[in-house]
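Undergrad: What shape does this take:
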Amino acid sequence: MPILIFLLWIVLNGRITPEILVFGAALAAAFSFFSWKVFGSSMANDMRVLRHLPLFILYAFNLIWEILKASISVMEVVIRQEKPDPVIVEFDSGFHTRLQNVLLANSITLTPGTVTLFEKDGHFTVHCLRREFAEGMDRSSFIRLLGRLSA
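TA: Take a look at the predicted model:
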């Protein structure tokens, strides 16, 4: 975490001077200490996040791709003036961590045409604008990628 904060500091400053380096190192150390004490973060958590960083980046690109595909599908419904065929579907994600379930719920809601209505202990209730949007939701690319998070 301190290294990422320090690198972000340098990128946001846009230049490297001795003052920026010293102040950035102090700021990164202070912020990391604050987060470890107040939020209960730890070096082990930071290392786990770094280990899974490529997966989070892949997940972000997948999310953007799914949002684009869903946006086009919703636009087609609007342009063709088709009647929506809404459906509410329930499924179990199979995830045991809160992080995985929250990421999945938010990803579903961010994708146009679907809204997570309820999530409790990995059981999801999702509203879909069209019946075909609900097909395969329990085995989506989101679930496959988030399933690799626990490994």
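Undergrad: how close does residue 57 get to residue 50?
TA: Distance from residue 57 to residue 50, counting by CB to CB, to the nearest Å: 12 Å. (Each C-beta comes from the backbone N, C-alpha and C, glycine too.)
Undergrad: same deal with residue 131?
TA: In terms of CB to CB, residue 131 sits 41 Å off from residue 50.
Undergrad: residue ranges with poor pLDDT in this protein?
TA: Residues of the chain that meet the criterion pLDDT under 70 lie in 150-151.
Undergrad: middle-most residue in it, spatially?
TA: residue 103 (4.7 Å; CA atoms, centre = their mean).
Undergrad: check contacts around the nearest residue to that one once chain neighbours are set aside.
TA: Closest residue in space to residue 103, ignoring its immediate chain neighbours: residue 146 at 5.9 Å, by CB to CB, 6 or more residues apart in numbering. Neighbouring residues of residue 146 by CB atoms under 8 Å, 6 or more residues apart in numbering: 59, 93, 95, 100, 103-104.
Undergrad: Okay, and residue 146 sits in which element?
TA: Assigned by DSSP states H and E, residue 146 belongs to helix 141-147.
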